[in-house]
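**Student:** For reference, the sequence and a predicted model appear below.
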Amino acid sequence: MEKTNLLAMIGSVLDDAGIPYEYEEISGRNALVLRFSDDEDTPEDCTLVLDDLVNECTALNYFVIVSTDIDEKTMGELIQVMPDFNLMIRVGGFGLMVDDGVLYFNYSLLTDDLDEENLLKSIMTSLDIVIGVSDQGKKILLPLLKGEKTAEQLMQEDFRLMV
Amino acid sequence: MLAKNAPEFLEKLGQLFEENINSYTVEEQDNGPILLMSAPSTFEEGKEMGYSVQIEDGKNGFVLLQFLMMPFTEIPEEKLDEVGQAICYIDPTLSYGNFVLLREGKLVLYRQSAVMSDDLDTLTAAQYSVKSIFLMERTVFSQGEKLYGLINGQVTLDEIKAASAAQ
């Protein structure tokens, strides 16, 4: 399936569901971006982009910007908590762009072998899960992001993600 | 129905890999049947590397395929913090999957999951699984070398940070 066609098909499903999105060009690649509210408790946006991998494999990458402008001290706390935090997650994973002060969530789905119907079903269900997990994750990490708790304090809590 | 036929599907998947691995077995676990495979380690002669594929019934017509590799075990206690930090720098450079540190088990996992329709035919699911495992092996072989070097004192955390920043 053509890459632009796949993004257009996703856009069409989002149109039907009344979910706003934009097409953008990111590093020379077409991307579909869903923006969330400016609420500090929720992730900022979710970008869907197709990546060529080795051996002619293509993956749809879901990349959620969970939090930005994270200072060095908080980043140090996140580095401590991240390995344990990701253990709870069954779909995708949280990650850090340490030097850029960014907390993200990502997930990839291979797109080559699935027929159109199954591919779209998987893409849209994955999108629901990605948004749900990144949102729950941010809410759990918020006390740390706001400097109200340390990594040690957060790790002592019995936090669980629902997905 | 992939969830219903999961044990048979995983058995066939194990047979597909049989030539390149030491052994495989399919077991039933609480969250679904799992294919456990053991292959020679890429990094240490005489050691084995674990692989697994698990199918969880995600309900509502979906299943979750969980692919997992266990490239490093028996990580020295004093290296665990550095390995955890190194993963934070390596993960953003990956196009597929994530490394995870299990502090208590002193091991590193590399994993990827896929949300699939339960209607998916087993041939397509097998093609997807083989591709996924192939991509994961490629990543572990290329990126795992840094972690292996860190665990064995041949690479420093600063070198990993610099390499990740340059990518």
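**Tutor:** Received, thanks. Keep in mind the model is a prediction, meaning the values are calculated, not measured. Residues are numbered from 1 along each chain as shown, chains lettered A, B, ... in the order given.
**Student:** For chain A, what lies in contact range of chain B?
**Tutor:** A:51, A:53-55, A:57, A:59, A:61, A:78-80, A:82-84, A:86-87, A:90-93, A:95-99, A:104, A:106-110, A:112-115, A:118, A:121-122, A:125-126, A:129 (C-beta under 8 Å from any C-beta of the partner chain). Placement of C-beta: from N, CA and C, glycine included.
**Student:** which of these count as buried?
**Tutor:** Using 16 or more other C-beta atoms under 10 Å in any protein chain shown as the burial test, the residues of chain A next to chain B include A:53, A:57, A:59, A:61, A:78-80, A:82-84, A:86, A:90-93, A:95-98, A:104, A:106-110, A:113-114, A:118, A:121-122, A:125-126, A:129 as buried.
**Student:** Leaving out the residues flanking it, which one is nearest to B:Leu94?
**Tutor:** B:Thr139 (6.0 Å; C-beta to C-beta, 6 or more residues apart in numbering or on different chains).
**Student:** Next: A:Ile65.
**Tutor:** A:Glu44 (4.4 Å).
**Student:** residues touching the one you found, list them.
**Tutor:** For A:Glu44, the contacting residues are A:35-36, A:64-68, by C-beta atoms under 8 Å, 6 or more residues apart in numbering or on different chains.
**Student:** how about these, which pair is most distant?
**Tutor:** Across the contacts of A:Glu44, the longest distance by C-beta to C-beta is 14.8 Å; it joins A:Arg35 and A:Ser67.
**Student:** higher neighbour count, these two?
**Tutor:** A:Ser67 (20 against 14; other C-beta atoms under 10 Å in any protein chain shown).
**Student:** would you list every one of the helices in the chain?
**Tutor:** Using chain A. A:3-17, A:72-87, A:116-145, A:151-155 (DSSP state H).
**Student:** that's the other chain; I wanted chain B
**Tutor:** Going by DSSP H, chain B shows helices at B:6-17, B:80-90, B:122-151, B:157-166.
**Student:** which stretch among the ones you listed comes nearest B:Phe43?
**Tutor:** Per C-beta to C-beta, nearest to B:Phe43 of the helices of chain B: helix B:122-151, 4.6 Å.
**Student:** shaky segments in chain A?
**Tutor:** A:1-4, A:158-163 (pLDDT under 70).
**Student:** again, 90 this time
**Tutor:** A:1-5, A:26-30, A:35-44, A:51-57, A:83-90, A:112-117, A:152-163 (pLDDT under 90).
**Student:** contacting residues for the closest residue to B:Glu28 other than its chain neighbours?
**Tutor:** Of all residues not flanking B:Glu28 in the chain, B:Pro7 sits nearest, at 7.3 Å (C-beta to C-beta, 6+ apart). Residues near B:Pro7 by C-beta under 8 Å, 6+ apart: B:26, B:28, B:33.
**Student:** contacting residues for residue 57?
**Tutor:** By default, I'm working from chain A. Counted by C-beta under 8 Å, 6+ apart, A:Cys57 has contacts A:110, A:112, B:131, B:135.
**Student:** my bad, chain B
**Tutor:** B:Asp57 sits in contact with B:3, B:32, B:63, B:118, where contact means C-beta under 8 Å, 6+ apart.
**Student:** so A:Pro43 makes contact with A:Gln136?
**Tutor:** No - contact criterion C-beta atoms under 8 Å: A:Pro43 and A:Gln136 do not qualify, at 10.2 Å.
**Student:** neighbour count winner among these two?
**Tutor:** A:Pro43 (24 against 17).
**Student:** quick one: B:Asp57 from chain A, how far?
**Tutor:** 13 Å (C-beta to the nearest C-beta, to the nearest Å).
**Student:** I meant to write B:Phe9 there.
**Tutor:** Distance from B:Phe9 to chain A, by C-beta to the nearest C-beta: 15 Å.
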